[in-house]
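>>> All I have is the shape, not the residue letters:
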């Protein structure tokens, strides 16, 4: 059964949860003794008969990523929420701790040091090794990936690291992970994309805020997920409400 602190919002139409790093969102391939988040949702919604529960998956997070995930509890809510994601009216904000690519030898800041801007790349789908690549525009099979980024100033962070706020406009597989790595800023712990620094659990990418319109009431729904404990263990401290770990 889901622990109460992991529930960020719930009514009869939808359920927002805190996903821990390293957990699969769905499927039947969870490690022995572990459960996917979908399995936990089903047990929570219908503890006597989990298989009978309606669970509408309207978006996903990569296994090593933590943060907020929204689920529909009715087919009507699922259709309306899925439509928002398809029309790109949902606002998503991720927080990431990245390896800092400052060009100190040249006595200047590298491209990673711009305070804010937009990344645009053309990405492949994940190959047989599960890795996404960037190719020139017009290459067969590539899709445009666009992300607005902002370099933040945390209360504390180890030397050689930086904190980014990332707002993806598109939703490509591994989009933020690839785009950060392309600019010499692999996300800490993400060895698939060049990180050489360990992270306590998963990678240092967190789905911090999700802004949607309630599928039935049509009111703004702003969902904020606390940071996992791994950020504090790494030595990162960011102020503001709900910045602490859920446990």
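It's in. Remember, predicted model here, so these are calculated numbers, not experimental data.

>>> and the lowest-mean-pLDDT helix or strand in the chain, what does it pack onto?
Least confident helix or strand, the chain: helix 37-45 with a mean of 87, by mean pLDDT, DSSP states H and E. Packing partners of helix 37-45 (3 or more CB pairs under 8 Å, 6 or more residues apart in numbering; DSSP states H and E): strand 14-19. In this view, the C-beta of every residue, glycine as well, is placed from N, C-alpha and C.

>>> Other residues contacting the least confident helix or strand of the chain?
Residues from elsewhere that reach helix 37-45 (CB atoms under 8 Å, 6 or more residues apart in numbering): 1-2, 15, 17, 19, 23-27, 30, 35, 50-51, 53-55, 57, 69, 71, 73.

>>> ok, now with 6 Å
With CB atoms under 6 Å, 6 or more residues apart in numbering as the test, helix 37-45 has contacts from 1, 2, 19, 23, 25, 26, 50, 53, 55, 71.

>>> Likewise for stretch 129-149?
Taking CB under 6 Å, 6+ apart as the rule, stretch 129-149 contacts 118-124, 126, 164, 166-170, 172-175, 178-179, 182, 192.

>>> ok, back up a step: for the helix or strand just after the least confident helix or strand of the chain, which strands pair with it and how are they oriented?
For helix 37-45, the following helix or strand on the C-terminal side (DSSP states H and E) is strand 56-57. Its sheet considered, strand 56-57 pairs with strand 66-72 (antiparallel) by DSSP bridges.

>>> ok and the partner strand relative to helix 37-45, angle-wise?
In terms of direction (axes from the mean of the first three to the mean of the last three CA atoms, to 10 degrees), strand 66-72 departs from helix 37-45 by 60 degrees.
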